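A.B. asks: My questions concern the predicted model and sequence given below.
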Amino acid sequence: MQLALPQGMYRSAHLLALFVALLCSAPLHASTDVDGDGWTVAEGDCDDTAPNIHPGATETENGVDDDCDFVVDEGTSVYDDDLDGWSEDDGDCDDANGLTYPDATEWVDGQDNDCDGVIDEGTEVYDDDGDGWSEQAGDCDDAAADTYPGAAEVADGFDQDCNGLADDRTEAYDDDGDGWSEDAGDCDDGNVWTYPDGVELADGEDNDCDGVVDNDTDVYDDDGDGYAESDGDCDDADPAKLPGAEEVANDVDDDCDGVVDEGTDWRDDDGDGWTEEAGDCDDADGWVYPGAWETADGVDEDCDGTIDEGTEVYDDDGDGFSEATGDCDDRDPETHPGATERGNHLDDDCDGVVDEGTELYDDDGDGQSEVDGDCDDSDRDTWSGAPELDDGVDNDCDGEAEAYVGWACASGRSALGLGWVLPLFAVGRRRRA
């Protein structure tokens with residue numbers, strides 16, 4: 001059994017053996033090829049007694065410098081050719097590379113530096129956990145097979161998808177940064193405006209996470225009456241108030257038209273200052289109200305229950321005639337067409353003549369009425385003081401029907417020679433006034 005010596009001792013032993021051989025073979029000449037291997041000592045044969053030892057010989061694992069280069073066993077599996085402290089027999093998988101040996105640091109060089117049969121493991125280019133991604137490709141934890149870019153994030157405090165955020169896109173993470181996660185009640189963790197008790201917006205989203213979309217906004221029918229504020233509901237907290245609702249007298253705009261109590265007895269709909277409750281009999285007509293001026297239009301303007309009173313078409317005095325039908329004084333029921341003339345200095349029968357047919361009227365146009373002394377107001381030749389005519393009539397209304405015959409009266413009284421003058425005088429007085 002050959003004793004294995006350290007490399008430095010191999011060289012020393014070889015040189016010593018060569019020196020002894022030279023001393024012992026002094027008679028030999030350096031130019032003589034003693035062992036017949038084609039090399040002499042002068043040519044570099046370091047052992048001319050062994051034919052397998054000479055320059056260029058194959059180095060074998062024998063503890064001898066077979067190729068006479070002063071290095072023992074180099075290039076064999078027992079020799080540490082790259083001087084990294086490891087030979088092939090010791091486990092060096094590349095004894096020509098000083099960076100490759102068992103337990104060496106693995107480098108990104110496409111080599112198995114630590115001689116474990118795996119290339120570049122533990123480096124940025126190697127997928128150590130077998131998830132298909134290396135650190136260089138973006139794997140933020142190459143020791144965890146469930147961690148790589150695009151991996152499903154799990155609520156465990158680790159960044160599985162390697163985006164720099166732990167637990168994002170899980171129910172435990174506040175993905176939208178609104179302060180709430182799904183676990184805390186956020187119903188849409190991708191919307192920063194949506195979280196428990198958030199302000200509800202008219203956006204088709206349940207912003208406050210109460211299970212109702214757009215409640216308390218103008219587009220939501222909060223009171224369930226079929227109308228939202230955007231549809232015209234003026235009070236979306238009261239289902240009795242909505243467009244088209246019946247207006248009631250309650251000081252509230254029930255039908256949301258901007259007008260309070262219109263069409264009810266409480267409101268002055270026509271703006272005339274009166275409501276139905278106050279006595280307006282037609283609150284759609286601004287000309288109709290208590291105390292209004294009555295006009296001849298078939299309408300009770302003053303709301304007293306009587307139509308057109310005080311106008312030309314109304315029989316105000318109840319005598320069967322109005323001014324329009326000829327009543328010249330519709331305040332006096334005894335004054336109207338066909339009434340009896342009463343001798344009151346008024347036109348009772350509305351024919352345009354005052355007191356005709358009464359004692360106050362000069363019916364025969366002789367200048368005197370009965371009151372003035374006309375004893376026959378139907379005869380123009382008869383009045384108080386009229387000249388007597390030979391007509392058998394009391395023309396002068398003195399109570400006697402005198403007649404003139406020539407120069408003497410029919411009574412036998414003398415005319416005092418004036419019989420021819422009186423007739424002429426009488427003719428001049430026939431028409432007075």
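C.D. replies: Nice, I can see it.
A.B. asks: going forward, measure contacts between C-alpha atoms and count neighbours the same way
C.D. replies: Will do.
A.B. asks: Residue 100: what's it in contact with?
C.D. replies: Under the criterion of C-alpha atoms under 8 Å, 6 or more residues apart in numbering, the neighbours of residue 100 are 84, 92-94, 111-115.
A.B. asks: Using TSV, please lay out these together with pLDDT.
C.D. replies: TSV is the format used below for those (pLDDT from 0 to 100):
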residue	pLDDT
84	92
92	94
93	95
94	93
111	93
112	93
113	95
114	94
115	96
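A.B. asks: Dump those residues to a markdown table, plus neighbour count and distance to residue 40.
C.D. replies: Formatted as a markdown table, the entries for the contacts of residue 100 read as follows, by neighbours: other C-alpha atoms under 10 Å; distance: C-alpha to C-alpha, whole Å:
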| residue | neighbour count | distance to residue 40 |
| --- | --- | --- |
| 84 | 16 | 35 |
| 92 | 28 | 36 |
| 93 | 21 | 37 |
| 94 | 21 | 35 |
| 111 | 19 | 43 |
| 112 | 23 | 44 |
| 113 | 27 | 43 |
| 114 | 23 | 44 |
| 115 | 18 | 42 |
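A.B. asks: So which of these is the closest to residue 47?
C.D. replies: Closest approach to residue 47 among the contacts of residue 100 (C-alpha to C-alpha): residue 84, at 29.8 Å.
A.B. asks: Give me the nearest residue to residue 336, chain neighbours excluded.
C.D. replies: Leaving aside its chain neighbours, residue 336 sits nearest to residue 327 (4.5 Å; criterion: C-alpha to C-alpha, 6 or more residues apart in numbering).
A.B. asks: what about the strands in this protein?
C.D. replies: 404-405, 408-409 (DSSP state E).
A.B. asks: weakest of these by average pLDDT?
C.D. replies: When the strands of the chain are compared on average pLDDT, strand 408-409 comes out lowest at a mean of 44.
A.B. asks: Turn the contacts of residue 100 into CSV, columns for distance to residue 333.
C.D. replies: Putting the contacts of residue 100 into CSV (distance: C-alpha to C-alpha, whole Å) gives the following:
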residue, distance to residue 333
84, 151
92, 149
93, 148
94, 148
111, 139
112, 140
113, 141
114, 141
115, 143
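A.B. asks: Which members of these define the maximum pairwise distance?
C.D. replies: With distance counted by C-alpha to C-alpha, no two of the contacts of residue 100 lie farther apart than 84 and 111, which are 15.6 Å apart.
A.B. asks: residue contacts, the closest residue to residue 62 other than its chain neighbours?
C.D. replies: On the basis of C-alpha to C-alpha, 6+ apart, the spatially nearest residue to residue 62 that is not a chain neighbour turns out to be residue 73, at 6.8 Å. The contact partners of residue 73, taken as C-alpha under 8 Å, 6+ apart, are 59-66, 79.
A.B. asks: now swap in residue 191 and tell me
C.D. replies: By C-alpha under 8 Å, 6+ apart, the contact set of residue 191 is residue 176.
A.B. asks: any idea how far residue 199 is from it?
C.D. replies: Taking C-alpha to C-alpha, to the nearest Å as the measure, residue 191 falls 13 Å from residue 199.
A.B. asks: so how far is residue 53 from the spatially closest residue to residue 40 that is not a sequence neighbour?
C.D. replies: Distance criterion C-alpha to C-alpha, 6+ apart; nearest residue to residue 40, sequence neighbours excluded, is residue 33 at 4.4 Å. From residue 33 over to residue 53 the distance is 12 Å, taken as C-alpha to C-alpha.
A.B. asks: Mind checking which of these two has more residues around it?
C.D. replies: residue 53 (22 against 19; other C-alpha atoms under 10 Å).
A.B. asks: ok so, going back, my read: the residue nearest to residue 336 touches residue 337, true?
C.D. replies: Yes. Contact criterion C-alpha atoms under 8 Å: residue 327 and residue 337 qualify, at 6.1 Å.
A.B. asks: got any residues that touch both of these two?
C.D. replies: For the pair residue 327 and residue 337, residues contacting each of them under the criterion C-alpha under 8 Å, 6+ apart are 321, 350.
A.B. asks: So which of these two has more stuff around it?
C.D. replies: A count of neighbours by other C-alpha under 10 Å puts residue 327 above the other of residue 327 and residue 337, at 29 against 19.
A.B. asks: Can you check what pLDDT the model gives that one?
C.D. replies: At residue 327, the predicted lDDT confidence score is 96.
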